[in-house]
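K.L.:
predicted model and sequence below, questions to follow.
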Amino acid sequence: MEARFKTFNSFILLLILLGLSFIFFLVDGYFSLRGPRAVFEKLVNPLKANFQLVLIKILPPKDTSLNDPVILQTKIDHLSLENSRLLARINQLEIENEGLKKQLKIISQSEVKYLSARNIATVEGLMTLDKGESEGVKTGMVVVSEGVLVGKVVSVTPHASRVKLPIAEGNKIKVKVLPIAEKGTLKGTPEGRLLLEEVLQKVNLETDQVLVTTGEESEYPPDLPVARIEKIVSDDVAIYKKAEVKPLLDYQSLKIVMIRI
């Protein structure tokens, strides 16, 4: 309150000063008043000094940092970095949006209900999603992305769930090879890779053949694509053939997946 009162008084003094200055200007135009002017300036100069101090307290100081080339360049670099971050975020959102559109297109062609979820982390054959019991997620539910198998929910908390991926060590999935429809078993290795096993020697396996789920034992729905044959492991003595296969999805890069509910 006291500061406001002082400021008000200062403005009153300014108005008086301006009025006296105007009168002095008019009179000075007609008369030579050097003596009175000296006396007048002696009286008003302290008031002017006091008013300048008031202005310094009221008005913000002028920013002179833009005159410093080093500070200016620092600000430019900061704004450029922030702009790059925003552009990267926009690009990420566009990619996620495009993936979600593809997911929804596939879903619209199916009678199965899906729940979208975000991939929080993928570590050692397990994917953590941001949906859990509160959203209706249960263990055993299958997770897909654009119609391709991602895995199966193996544990659930109120607001998160963990999905076991095909590459998880010891994981086994019954599959068939397209287009020949011969059956085999897809197995996760300790190195996080996939092997096709239990395929009869007489079966003619070739690279780029696609593996889909058989739907046996009700573990997974049938005909979900999983992987593609990358290399045939030759062993004429063994009863079964083996092949190194590559997942159709890069699990680490997945942003949005769909849970079959």
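P.N.:
That came through, no problem.
K.L.:
Arg85 in helix, strand or coil?
P.N.:
At Arg85 the chain is in helix, as set by DSSP: H, G, I helix; E, B strand; the rest coil.
K.L.:
pLDDT score assigned to Glu216?
P.N.:
For Glu216, the pLDDT comes out at 84.
K.L.:
what's the distance between the residue nearest to it when sequence neighbours are not counted and Pro221?
P.N.:
Of all residues not flanking Glu216 in the chain, Lys174 sits nearest, at 4.6 Å (C-beta to C-beta, 6 or more residues apart in numbering). Bear in mind the C-beta positions are built from the backbone N, C-alpha and C, glycine included. From Lys174 across to Pro221, the span is 12 Å (C-beta to C-beta, to the nearest Å).
K.L.:
what is in contact with the two at once?
P.N.:
Counting by C-beta atoms under 8 Å, 6 or more residues apart in numbering, the shared contacts of Lys174 and Pro221 are Thr213.
K.L.:
more neighbours: which of those two?
P.N.:
Applying other C-beta atoms under 10 Å to Lys174 and Pro221 shows that Lys174 carries more neighbours, namely 17 against 13.
K.L.:
quick one: the more buried one and Glu219 touch, right?
P.N.:
Yes: judged on C-beta atoms under 8 Å, Lys174 makes contact with Glu219 at a distance of 7.1 Å.
K.L.:
phi, psi for Ser80 please.
P.N.:
Phi and psi for Ser80, reported as degrees, to the nearest 10, are phi -60, psi -40.
K.L.:
neighbours of Ala238, how many?
P.N.:
For Ala238, the neighbour count with other C-beta under 10 Å is 10.
K.L.:
give the closest residue to it in space, chain neighbours not counted.
P.N.:
Nearest to Ala238 is Gln201, by C-beta to C-beta, 6+ apart, at 7.3 Å.
K.L.:
avg pLDDT for stretch 140-148?
P.N.:
On average, stretch 140-148 scores 93.
K.L.:
returning to that earlier point: which helix or strand contains the residue nearest to Glu216?
P.N.:
Using DSSP states H and E, the element containing Lys174 is strand 172-178.
K.L.:
quick one: the strands in the stretch 151-261 of the chain, in order.
P.N.:
Residue ranges of the strands in the stretch 151-261 of the chain, as given by DSSP state E, counting those that start in this stretch, are 160-164, 172-178, 182-188, 194-200, 210-213, 225-233, 240-247, 256-260.
K.L.:
good, we can wrap up now.
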